[in-house]
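J.: compute the structure for the input listed below.
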Amino acid sequence: PIKEVGPAYQTIELDSTGSGTLVSRVKVATLGGLATSIMTTRCSIVGSVGLDGLRIKVETTKPEDSTVLKKLGPLGEAINSSGPPFPSGEALERVVPGSSEV
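T.: Numbers count the residues shown, from 1 in each chain. Below is the predicted model:
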């Protein structure tokens, strides 16, 4: 396969008002596993739905822990830390207004 999607992990942090953040991390491998990264999407929690549901707004997505960048040493680390995240929430909104919220 061209790409493989591995395990996904979500971290939710809520404050006493019900606002907070959700961070989703998914391992993605390409080139038969030679290149991997953790795709990290950051969201804000904008409300709750019922007793056990959350309403979230997608904000940004950024690859982290790239094996390709690690092979570049300090240069790769500089690229990784200084590169801005992709504005995935804004991109979703441009395609269909309201689609960045689920």
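
J.: how about the backbone phi and psi for Ser88?
T.: With angles defined as degrees, to the nearest 10, Ser88 sits at phi -60, psi -40.

J.: try Pro87
T.: phi -80, psi 70.

J.: now do the one 4 residues further on
T.: Backbone torsions of Ala91, given as degrees, to the nearest 10, read phi -60, psi -40.

J.: residues near it, how many?
T.: 14 (other C-beta atoms under 10 Å). Placement of C-beta: from N, CA and C, glycine included.

J.: how about Val58?
T.: 22.

J.: measure it to Gly76 for me?
T.: Distance of Val58 to Gly76, computed by C-beta to C-beta, to the nearest Å: 27 Å.

J.: kindly report the same for Thr61.
T.: As judged by C-beta to C-beta, Thr61 and Gly76 stand 19 Å apart.

J.: neighbour count: the two, which is higher?
T.: Thr61 (18 against 15).

J.: show the pLDDT at that one.
T.: In this model, Thr61 is scored at 96, pLDDT.

J.: use 700 as the first number for this chain going forward.
T.: Noted, 700 is the first residue going forward, which turns the last one into Thr760.

J.: contact partners for the most centrally placed residue in the chain?
T.: Centroid-nearest residue in the chain: Thr740, 1.4 Å away (criterion: C-alpha atoms, centre = their mean). Thr740 sits next to 722-723, 725, 757-760, 787 when contact means C-beta atoms under 8 Å, 6 or more residues apart in numbering.

J.: which of those residues are buried? Put it as a PyMOL command.
T.: Those of those that count as buried under 16 or more other C-beta atoms under 10 Å are selected in PyMOL with:
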select buried, resi 723+725+757+758+759+760+787
